[in-house]
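**Q** Here is a sequence together with a model predicted from it:
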Amino acid sequence: MQKEDLKIAVIRIEGTNCEEETVMAFRNLGVFSEAVHLKQFYSDMIRDSEQRSLTDYNCIVFPGGFSAGDYVRAGAVFSARIKSVLRDDLRDFINSGYPVLGICNGFQILAELGALPGFDEDKPVGKQEMALGINDSNRFECRPSLLKHENRGKCVFTKALEKEIVMFPVAHAEGKVIFPAGKEEDYIDRLRKNDQIVFRYVDAGGNYAGYPWNPNGSIYNIAGLCNVRGNVLGLMPHPERVFFDYYRKNEIGDGRTIFESVIEYLLSL
């Protein structure tokens, strides 16, 4: 596959608000990317020239924001609409090895879909097994966060990441990773053995720490995790907001590697 052949879809609905930054991250690396409304995949009211199929793309992204106003709970409405019209297509997309990225609200959507933690490779979209709950502070948290890269090579979105500690900003009210009561240790053990933990929150010394370094109270300081196959990543912090480093006045930001990694992966297929 050649770079000019790659196509990335950033799927939006009412309330998403980070799609343009995400589209531009891919475009800045010379890859075709577009924001696509969910209705373009199924509605007969969309003009033929604007209709889309998941098979048109090599990677899809669920961006940050507050889809459908986060009514019911964050990501619930967006995921319900995907289940009703795109469940089989999304299952086939993931089974074919194509990558899916969920950032912030997108992570919440992937959890609601049962795509994460994604222990069962044969059922990439299925029963919900985790949730992103209200932050322990009971308020919206918006600040830079430090993340330790823990993945040993499974995740296709971090294969090119050489730094151990990166800075991605967080901006969420419901980012606390929650596993079923009584099964927390089992889940963490499975995630560790399967190399599914991608990022964990740390302090300025690289140590696992509580609030405010862990901005939401996530179990095991989890900030991002992938499915067992490694081609689906859910991440609460925003790499697209640090594609360029406006914090430390450097040209290249820590988030750029997320997008570079998945492009390299796609070019290897």
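**A** Everything's here; your move.
**Q** which residues in the protein form strands?
**A** According to DSSP state E, the chain carries its strands in the segments 7-12, 32-37, 59-62, 100-103, 131-133, 141-149, 165-172, 176-178, 197-202, 222-226, 232-235.
**Q** Ok, which of those comes nearest Asp89?
**A** strand 59-62 (10.1 Å; Cβ to Cβ). To be clear about C-beta, it is placed using only N, CA and C from the backbone, and glycine gets the same treatment.
**Q** still on that earlier bit, nearest to Tyr265, of the strands of the chain?
**A** That would be strand 59-62 among those, by Cβ to Cβ, at 8.8 Å.
**Q** so what strands line up beside the closest one?
**A** The sheet places strand 59-62 alongside strand 7-12 (parallel), strand 100-103 (parallel), with pairing taken from DSSP bridges.
**Q** Reformat the strands of the chain as a markdown table; add mean pLDDT.
**A** Shown next, in a markdown table, are the strands of the chain (pLDDT from 0 to 100):
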| stretch | mean pLDDT |
| --- | --- |
| strand 7-12 | 98 |
| strand 32-37 | 98 |
| strand 59-62 | 98 |
| strand 100-103 | 98 |
| strand 131-133 | 96 |
| strand 141-149 | 97 |
| strand 165-172 | 97 |
| strand 176-178 | 98 |
| strand 197-202 | 98 |
| strand 222-226 | 98 |
| strand 232-235 | 98 |
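**Q** JSON lines for the ones you listed, including distance to Val23 and mean neighbour count?
**A** Output for those, formatted as JSON lines (distance: least, Cβ to Cβ, whole Å; neighbours: other Cβ atoms under 10 Å):
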{"stretch": "strand 7-12", "distance to Val23": "5", "mean neighbour count": "24"}
{"stretch": "strand 32-37", "distance to Val23": "5", "mean neighbour count": "18"}
{"stretch": "strand 59-62", "distance to Val23": "9", "mean neighbour count": "28"}
{"stretch": "strand 100-103", "distance to Val23": "12", "mean neighbour count": "29"}
{"stretch": "strand 131-133", "distance to Val23": "24", "mean neighbour count": "21"}
{"stretch": "strand 141-149", "distance to Val23": "22", "mean neighbour count": "18"}
{"stretch": "strand 165-172", "distance to Val23": "18", "mean neighbour count": "20"}
{"stretch": "strand 176-178", "distance to Val23": "27", "mean neighbour count": "21"}
{"stretch": "strand 197-202", "distance to Val23": "22", "mean neighbour count": "24"}
{"stretch": "strand 222-226", "distance to Val23": "21", "mean neighbour count": "29"}
{"stretch": "strand 232-235", "distance to Val23": "17", "mean neighbour count": "29"}
